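Student: need the 3D shape of this:
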Amino acid sequence: MTTVSTRNRVLAGAALAAGLFCSTAPAFAALTSPVATAYVVSADALNGAAAVPPQPLSTYPPGGTQTEVGLTVGPFATDATLTATTAGDPAAGTSSASATVDRLGLTFGPTLTGSLTGVESTCNATPDGATGNGIIASGTVTILGIPTTLEANAPKNTGVTIAGLGELMLNEQSTDANGVLTVNAVHFTLLPTLGGANVIIGHVECGGAPAAATVPMINRQVGVIGGSLAAAVVLGAVYLRRRA
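Tutor: This next block holds a predicted model:
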């Protein structure tokens, strides 16, 4: 008859094997291939005006650079070039994105205006995670002729409350469950009296994935180890039952 100590040793061995199996399994993001998105401006409908879709817009795949020379639409006005770029490498599981414009004027109504210079958002992703930054060289929001200076090169998620306009976030950053990082250089959330709209300037997203060249090898290892562990547990249980 199998003793209690023998049974405990068998069960402990199975638990140890399971722990080793779990510890060696790689921790990858949920994405199966890298992704990236970039655009310079977008806005919800504002005071009856039409919404502004993301523009210029670049996405990976396939990636590439999109530009727009000058823009006067919704709350935005500029004679500068807006540039959005994305790229990726499935073999390495990496992606990147950037969104830039040298200067941009903003008009939220007859008494609310703003201006920004040196807008630049970037992000880079690998299988291990993503990093990014969204900055402005300078900026102001003017309400009834009174300007509020915006912080240049602000730390991530720097919040600013602007009376009569709403909430503003500089270098806004967040990461979703798939490990995709989103960065907005400037994000206005306007008061309900101004339509409660979202105005986004300098938007990028990046998400990495397992390197394509390593996925088959890792899958085979997981299958072999998992199958061996399952077989060992089953055989151990049968052995104990027969001995009992």
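
Student: quick one, domains of this protein?
Tutor: Under the assignment automatic domain parsing, the domains of the chain span 35-207, 214-244.

Student: any idea how far T175 is from the residue nearest in space to the middle of the chain?
Tutor: The structure's the chain has its C-alpha centroid closest to L181; by Cα atoms, centre = their mean the separation is 1.6 Å. Between L181 and T175 the computed distance is 5 Å (Cβ to Cβ, to the nearest Å). All C-beta atoms are positioned from the backbone trio N, CA, C, and that covers glycine.

Student: related to what we said a few turns ago, contact partners for the residue nearest to the centre of the chain?
Tutor: Residues counted as contacts of L181 (Cβ atoms under 8 Å, 6 or more residues apart in numbering) are C123, A125, G129, A130, T131, G132, Q173, S174, T175, E205, C206, G207.

Student: and which of those residues is nearest T149?
Tutor: Q173 (22.0 Å; Cβ to Cβ).

Student: and that closest one, which of the three is it?
Tutor: Here Q173 is recorded as strand under DSSP: H, G, I helix; E, B strand; the rest coil.

Student: show me the strands in the chain, by range?
Tutor: Using DSSP state E, the strands of the chain run over residues 35-43, 52-60, 64-73, 76-89, 94-109, 112-126, 129-135, 138-143, 146-149, 158-162, 166-175, 181-190, 198-207.

Student: now the angle between strand 94-109 and the first one, please.
Tutor: The one in question is strand 35-43. 0 degrees (axes from the mean of the first three to the mean of the last three Cα atoms, to 10 degrees).

Student: in terms of secondary structure, what does strand 35-43 contact?
Tutor: With contacts defined as 3 or more Cβ pairs under 8 Å, 6 or more residues apart in numbering; DSSP states H and E, the packing partners of strand 35-43 are strand 52-60, strand 76-89, strand 94-109, strand 112-126, strand 198-207.

Student: most tightly packed of these?
Tutor: strand 198-207 (a mean of 26; mean count of other Cβ atoms under 10 Å).

Student: quick one: pLDDT of the residue lying closest to D128 once chain neighbours are set aside?
Tutor: By the measure of Cβ to Cβ, 6 or more residues apart in numbering, the closest residue to D128 outside its immediate chain neighbours is G208, 7.1 Å from it. We have a pLDDT of 97 for G208.

Student: swap in L106?
Tutor: At L106, pLDDT is 92.

Student: look up the residues forming beta bridges with it.
Tutor: Under the criterion DSSP bridges, L106 forms beta bridges with F76, G114.

Student: swap in D89?
Tutor: Here D89, judged by DSSP bridges, has bridge partners T94.

Student: ok, it touching P34?
Tutor: Yes: distance between D89 and P34: 7.1 Å, which falls inside the contact criterion (Cβ atoms under 8 Å).

Student: overlap in contacts, these two.
Tutor: In contact with both D89 and P34: S95, using Cβ under 8 Å, 6+ apart.

Student: returning to what we had before: and the domains of the chain, which one's lowest on average pLDDT?
Tutor: Across the domains of the chain, the lowest-scoring stretch is domain 214-244, with a mean of 46.
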